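> Structure, please.
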Amino acid sequence: MSMRSLSLTAVLSIALLLSAACGGSTVDGKSSGTTNRQVSGPIRLAYVVPDWTALAKALKDPTLDPPKMIVSAKKEFTALVAWANKNGGVGGRRIEAKPYTIDQYVTPDQMTKYCDQMAEDDRREVVIDASIFTAEQGWQCMADHKMAYTGIATATDSTFLKSVAPYIATTYATIDTQMKALASLAKTAGFLDGAKVGVLLTDLPVMHRNYEQAMKPAFAAAGVPAPQVKYITSNDQAQTDNAVLGFKSAGVSRIFMLTSVVDYLNFSNQAQSQNYHPRYGFSDYQAMVQVASQYGSPRQNAGAIGVSSVVGPSGIAADASRVSSDRTSPYEDDQVTPGFKSCMSILSGGVGTDYMNPGQAGASTFQASYCDGFMLWLDSARKIGAGWTPERFGQGLAALGSSYASSRMASVDFSAGSTGGPVTFGLGEYSAKCKCFVKKLDFMRP
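Model prediction:
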């Protein structure tokens, strides 16, 4: 019997990655780990706990309780590690985990400092994240130090993940994959018919690169040869206001938005003040489907679509009538993946019920993403056994193939050795009744 079959349902969890004693090679003067790792003793894992204090103020959400969420996140990870160790660890090796509480508004340079601390001071070999490391600079640091990482790597592309293989893995869709899926499914759903299309992007090199290489050709294939494209610096209100006025004056009726949370909220507020109501297209970039459904204006979101690989009210919901607008009602079987239910069964004994209610927004995104990353690592590490090292992370992922039951995604596939795994996307239309995107197109390959 496999360790996975010991849970009440087909398990999803996040994987704790092995750490053995690190040795001596360096990259640019920094310790980058060693290929001569010991494979005995405990596996040293770092898990990242987000401090949402500043974000809660920006979102003006009184239901967010950052101190309580920090405590709950640590309880959750303690429960996951306890379950994994109780059921044999990795080939008999126990997992030892250390939390790192980091502000949600961390800069790329600060990400590098935390990465250096984990690798050089604390000798971690695995990092499990849900929402903090969101820039290529941070992931590059992980790879340079030969630490295995799982998290929500939606702010990069397949080319970058290949360059840092085998160390960085995600069940979430990369930017290039999201962009192609947005254009393809929007066309299939008729969202582009008779429309003048605009695209709003954060002004970053990765966004310029992937618009030109992925989204522009995908729109051309969908019959939209020349959408209006605007790039804005994050949290620059003047640029955001100008983007609203520019799209409105040009008669743009559909806007595909791949920006930060703050920029989306600023744009929609300014659009509302200008009595401008385009229909939006959202993706999983920066969890925008979740953010738009939960924090967006119902008036601004009227007619919006979300293209997502995520199952459930924080992604593509099956039925609006069974999702309450405050996310307090439990999910039903067709609203979540088997991996999500398995994760809940593992955690139910170790975390307070106020945080464990799977209908709550915090649980649906943050908690399940935490568990998803951990179990992805754990399941892949168990394919290798006690001799697992970060250098063999990709080998374990390839051995998983399409068998991994994600708590978030409809389906993933690592059989080609890919470190970014979603293969299907669904399309939902915004419903003010549930403040969610209700499925209009079933999950499919774009």
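
> Name all residues that make contact with Pro66.
Asp51, Trp52, Thr53, Ala56 (Cβ atoms under 8 Å, 6 or more residues apart in numbering). (Each C-beta comes from the backbone N, C-alpha and C, glycine too.)

> The second one touches Ser72, doesn't it?
Right, the one you point to is Trp52. No. No contact is recorded between Trp52 and Ser72 when judged using Cβ atoms under 8 Å, the distance being 11.4 Å.

> With neighbour numbers in mind, choose between the two.
Shown here are Trp52 and Ser72; by other Cβ atoms under 10 Å, Trp52 has more neighbours (24 against 21).

> Phi and psi next, for the more buried one.
phi -90, psi 20 (degrees, to the nearest 10).

> so what's it closest to, chain neighbours aside?
Across the structure, with Cβ to Cβ, 6 or more residues apart in numbering as the measure, the residue nearest Trp52 apart from its sequence neighbours is Pro66 (4.4 Å).

> Which of the residues in stretch 245-259 are classified as buried?
Residues of stretch 245-259 classed as buried: Phe247, Lys248, Val252, Arg254, Ile255, Phe256, Met257, Leu258, Thr259 (neighbour count, 16 or more other Cβ atoms under 10 Å).

> Also stretch 131-139?
By neighbour count with 16+ other Cβ under 10 Å, stretch 131-139 contains the buried residues Ser131, Ile132, Phe133, Thr134, Ala135, Glu136, Gly138, Trp139.

> Need the max-distance pair from the residues you listed.
Pairwise distances among these were taken by Cβ to Cβ; the largest, 15.9 Å, belongs to Ser131 and Glu136.

> So Trp83 sits against Ile346, correct?
Yes. Because the distance of 5.0 Å satisfies Cβ under 8 Å, Trp83 is recorded as touching Ile346.

> who's more crowded, these two?
Neighbours were counted for Trp83 and for Ile346 using other Cβ under 10 Å; Ile346 has more, 26 against 21.

> Look up the pLDDT of the more buried one for me, please.
Looking at Ile346, its pLDDT is 83.

> in the stretch 1-150 of the chain, which segments are predicted with low confidence?
Confidence mapping of the stretch 1-150 of the chain against pLDDT under 70 gives the ranges 1-39.

> can you map out the helices along it?
In the stretch 1-150 of the chain, the helices defined using DSSP state H, counting those that start in this stretch lie at 53-59, 66-86, 108-116, 136-144.

> Can you add distance to Gln270 and give these back as JSON lines?
Supplementary listing: these in JSON lines, determined by distance: least, Cβ to Cβ, whole Å:
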{"stretch": "helix 53-59", "distance to Gln270": "16"}
{"stretch": "helix 66-86", "distance to Gln270": "27"}
{"stretch": "helix 108-116", "distance to Gln270": "27"}
{"stretch": "helix 136-144", "distance to Gln270": "29"}
